[in-house]
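# Sequence unavailable; structure follows:
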């Protein structure tokens, strides 16, 4: 027969485990963060969906470009080897004099340029349909998993301009610069956007423009763009004090 433990009435056992309550707020002081603003509008300009999400995925290319900028050098040594960036085609590129002006110690025109024009799917704000199944999120990601093509055919979106948002301050807590782009759905069927990225261009190693992905986020919940409607996707690079 199993033993039965009898406790005196009115005496309670003291729990041995520590109860940890999750923080209700995140302290972002000193952080450099991504913020995503997603807004769907119908043909009359009425908002049918709107959300703001915290971005999570700066990529290795971002910190490498920043490092090269601070060094004023396109190919500094890093971890015992010459630093390279991986372009959106998956090729590792070593910077050259095309990018750094040795005579002035400065950086060449086009450093982290992101204001892509209408129809360009090589750079600027980019969107795709991969939820991480094709390409899991990783610090070394260099492209979207399934980028949506430009056009009005099946599964395509019409890419507008990638416009740079002026630097904005709240007066005490943060400053941010941003980039925004519209994507119109004339395909005839709804399209689900599940990933969003930011790619820049520059003359990195030759006189040919190269494209580098700096950020890629997989959305927790897809944004559906009904046919005849448009998504405005904005990415903010936000610095907190």
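All right, it came through fine. Fair warning: this is a prediction, and the values are worked out from it, not measured in the lab.

# which stretches of the chain have low pLDDT?
For the chain, the stretches with pLDDT under 70 are 1-28, 72-74, 78-79, 97-111.

# Mind doing that once more with 50?
1-8, 11, 13-24, 102-106 (pLDDT under 50).

# For it, which segments are assigned as helices?
60-71 (DSSP state H).

# Quick check: buried residues in the lengthiest strand in it?
Taking DSSP state E as the criterion, the chain has its longest strand at strand 210-225. By neighbour count with 16 or more other CB atoms under 10 Å, strand 210-225 contains the buried residues 210, 211, 212, 213, 214, 215, 216, 217, 218, 219, 223, 225. (Glycine included, C-beta is placed from N, CA and C.)

# Then stretch 36-48?
36, 37, 38, 39, 40, 41.

# Surely the third one touches residue 223?
If I follow you right, that is residue 38. Yes: assessed by CB atoms under 8 Å, residue 38 is found in contact with residue 223 at 5.3 Å.

# Identify the contacts common to the two.
Overlap of the contact sets of residue 38 and residue 223 (by CB atoms under 8 Å, 6 or more residues apart in numbering) consists of 49, 51, 231.

# Pretty sure residue 215 sits against residue 32.
No: contact criterion CB under 8 Å: residue 215 and residue 32 do not qualify, at 11.4 Å.

# Distance-wise, check the residue nearest to the spatial centre of the chain relative to residue 80.
Nearest to the mean C-alpha position of the chain, by CA atoms, centre = their mean, lies residue 215 at 3.3 Å. Distance of residue 215 to residue 80, given as CB to CB, to the nearest Å: 27 Å.

# Residue 131 now?
37 Å.

# mind listing what residue 147 touches?
121, 126, 127, 128.

# thinking again about what came up before, with respect to residue 240, which of the shared contacts of residue 38 and residue 223 is nearest?
residue 51 (20.7 Å; CB to CB).

# so what's the residue nearest to the centre of the chain closest to, chain neighbours aside?
Nearest residue to residue 215, sequence neighbours excluded (CB to CB, 6 or more residues apart in numbering): residue 198, at 4.5 Å.

# surely that neighbour meets residue 236?
No: counting by CB under 8 Å, residue 198 sits too far from residue 236 to count as a contact (10.4 Å).

# and those two? which has more neighbours close in?
Higher neighbour count among residue 198 and residue 236: residue 198, with 28 against 19, using other CB atoms under 10 Å.

# Residue 131 and residue 80: who's more crowded?
residue 131 (17 against 5).

# who touches the more buried one in this structure?
194, 195, 218, 219, 222.

# Please repeat the previous calculation with a cut-off of 6 Å.
Going by CB atoms under 6 Å, 6 or more residues apart in numbering, residue 131 touches residue 194.

# hmm, back to that, which of the buried residues of stretch 36-48 sits closest to residue 61?
Nearest member of these to residue 61, counting by CB to CB, is residue 36, at 18.5 Å.

# From residue 237, how far off is residue 66?
From residue 66 to residue 237 the distance is 11 Å (CB to CB).

# Have a look at those two and say which one is more surrounded.
residue 237 (21 against 14).
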